[in-house]
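**Q** Quick one: sequence plus predicted model below, questions after.
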Amino acid sequence: MPKKAIFDKKNILVVGGAGFIGSHLCDELIKTAKVICLDNFLTGDESNISHLYQNSDFVFVNHDINSAIDLEKLPELVKFKINFQGIQEIYSLASPDSPKFYLNHPIETLLANSIGLKNTLELAVKYQAKLLFASSPSVYGEEAGGKLVKEDFVSRLNQLGPRACYAEAKRFGETLVDSYRKTKQLDAKIVRIFNCYGPRQKLDDGRMIPEMIKNAVKGDDLVVYGDKKSFGSYFYVVDLIKGLTKMMESNEAGPINIGSDWKITFTEVAQKIITLCGSNSTIKYEKADWGADQPLADISLAKEKLGWFPIILIDEGLKETIDYLRASQNLLEPGK
């Protein structure tokens, strides 16, 4: 079936578009395209996208992707002429992605990366749309901690372990995307997103940077899970969005690591946050049940194939994140 003509702008579907990453992606895509943001607010938030409601090129659809959907039957999408133009690109981001949320919603996490992803892939097949699936370094397994991992790294993974609902979901999702690509001649891509931070992360999602910012502003202890030598790598959400769009525009199928190769100790991150917040907080150390060492991204492939690497320094990114969280969460109210 020949691809349908584009009238003026591409139609792009962002599944999971009200989440932390998805909403920033919608902000970027709306500059040049018509954007359909689909989400059921399981972990996303309407406040992340409400500023886009007045844009005629943006439509929000409240839907659980685990149920199939016919976009052409939605009256709010008539203006996008999907029955004539179709969908040109689909970003599949629908999944809880912080430990707190996927451990609280293990079944939903597994379904989003299996049934929900299958429904998304069927839309891509129907419209011959390019599809990008957001995967995770969790697929590298239990032996990747502390190592610089390339995309071909493989290790064991305990399918009944404490975080298996997420890791196994992403592993299965990658296999499903690859199978559709091979059997349906689908232009389907896989990226593995490492630790990203920035505005719109929830203060209660259990991830290190927003948790530390919340505690620093309140003057509470900043908890490092591990010891003074424990380390990770972090990059700012604006850099991530550039990586995702570059991958979509490329001829690459992946998987490709999208992350930072700037190694930093958790203690250094905590100290930077304390300084930027002007806080009197102290740092304390606790043992992590899951092991403190994180895999580090070898981004050689992203540099070579996409011409992408993160450019925003952590001090700048942390300042932007702190300013946003202070303003949006009223962290400085008396008594907070």
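**A** Noted; the coordinates are in hand.
**Q** shaky segments in the stretch 201-336 of the chain?
**A** Applying pLDDT under 70 to the stretch 201-336 of the chain flags the ranges 289-293, 329-336.
**Q** at 90 what do you get?
**A** Confidence mapping of the stretch 201-336 of the chain against pLDDT under 90 gives the ranges 201-208, 210-211, 214, 217-218, 225-232, 261-263, 286-295, 324-336.
**Q** all helices for it, in order.
**A** Counting by DSSP state H, counting those that start in this stretch, the stretch 201-336 of the chain has helices at residues 208-218, 237-249, 266-277, 300-301, 314-329.
**Q** Export the ones you listed as JSON lines, with columns for mean neighbour count and distance to Leu186.
**A** Placement of C-beta: from N, CA and C, glycine included. JSON lines is the format used below for the helices of the stretch 201-336 of the chain (neighbours: other Cβ atoms under 10 Å; distance: least, Cβ to Cβ, whole Å):
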{"stretch": "helix 208-218", "mean neighbour count": "22", "distance to Leu186": "35"}
{"stretch": "helix 237-249", "mean neighbour count": "20", "distance to Leu186": "14"}
{"stretch": "helix 266-277", "mean neighbour count": "19", "distance to Leu186": "39"}
{"stretch": "helix 300-301", "mean neighbour count": "17", "distance to Leu186": "21"}
{"stretch": "helix 314-329", "mean neighbour count": "17", "distance to Leu186": "34"}
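**Q** Tell me which of the ones you listed lies nearest to Ile90.
**A** Nearest to Ile90 among the helices of the stretch 201-336 of the chain is helix 237-249; the distance by Cβ to Cβ comes to 9.4 Å.
**Q** and that closest one, what does it pack onto?
**A** Identification of packing neighbours for helix 237-249 by 3 or more Cβ pairs under 8 Å, 6 or more residues apart in numbering; DSSP states H and E yields helix 20-29, strand 89-92, strand 130-135, strand 188-193, strand 196-197, strand 256-258.
**Q** what's the least confident stretch among the ones you listed?
**A** Ranked by mean pLDDT, those end with strand 196-197 at the bottom, a mean of 94.
**Q** Going along the chain, name the strands of the stretch 1-150 of the chain.
**A** 11-15, 34-39, 58-62, 89-92, 130-135, 148-149 (DSSP state E, counting those that start in this stretch).
**Q** Pull out the buried residues from the fourth one.
**A** Of the residues in strand 89-92, those buried under the neighbour-count criterion (16 or more other Cβ atoms under 10 Å) are 89-92.
**Q** which outside residues touch that strand?
**A** Applying Cβ atoms under 8 Å, 6 or more residues apart in numbering, the external contacts of strand 89-92 come out as 10, 12-17, 22, 25, 33, 117, 120-121, 123-124, 129-134, 244, 248.
**Q** could you redo the last one with a cut-off of 6 Å?
**A** With Cβ atoms under 6 Å, 6 or more residues apart in numbering as the test, strand 89-92 has contacts from 12-15, 120, 124, 129-133, 248.
**Q** what does the first one give?
**A** Defining contact as Cβ under 6 Å, 6+ apart, one finds that strand 11-15 is touched by 22, 25-26, 29, 33-38, 65, 80, 85, 87-92, 94, 120.
**Q** circling back to that earlier point, format the strands of the stretch 1-150 of the chain as JSON lines; extra columns: distance to Thr282.
**A** Below are those laid out as JSON lines (distance: least, Cβ to Cβ, whole Å):
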{"stretch": "strand 11-15", "distance to Thr282": "41"}
{"stretch": "strand 34-39", "distance to Thr282": "39"}
{"stretch": "strand 58-62", "distance to Thr282": "43"}
{"stretch": "strand 89-92", "distance to Thr282": "41"}
{"stretch": "strand 130-135", "distance to Thr282": "36"}
{"stretch": "strand 148-149", "distance to Thr282": "32"}
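**Q** Out of the buried residues of strand 89-92, which is nearest to Thr275?
**A** Nearest member of those to Thr275, counting by Cβ to Cβ, is Tyr91, at 35.6 Å.
**Q** From Ile241, how far out is that closest one?
**A** Distance of Tyr91 to Ile241, given as Cβ to Cβ, to the nearest Å: 10 Å.
**Q** Then Asp64?
**A** Separation of Asp64 from Ile241 (Cβ to Cβ): 25 Å.
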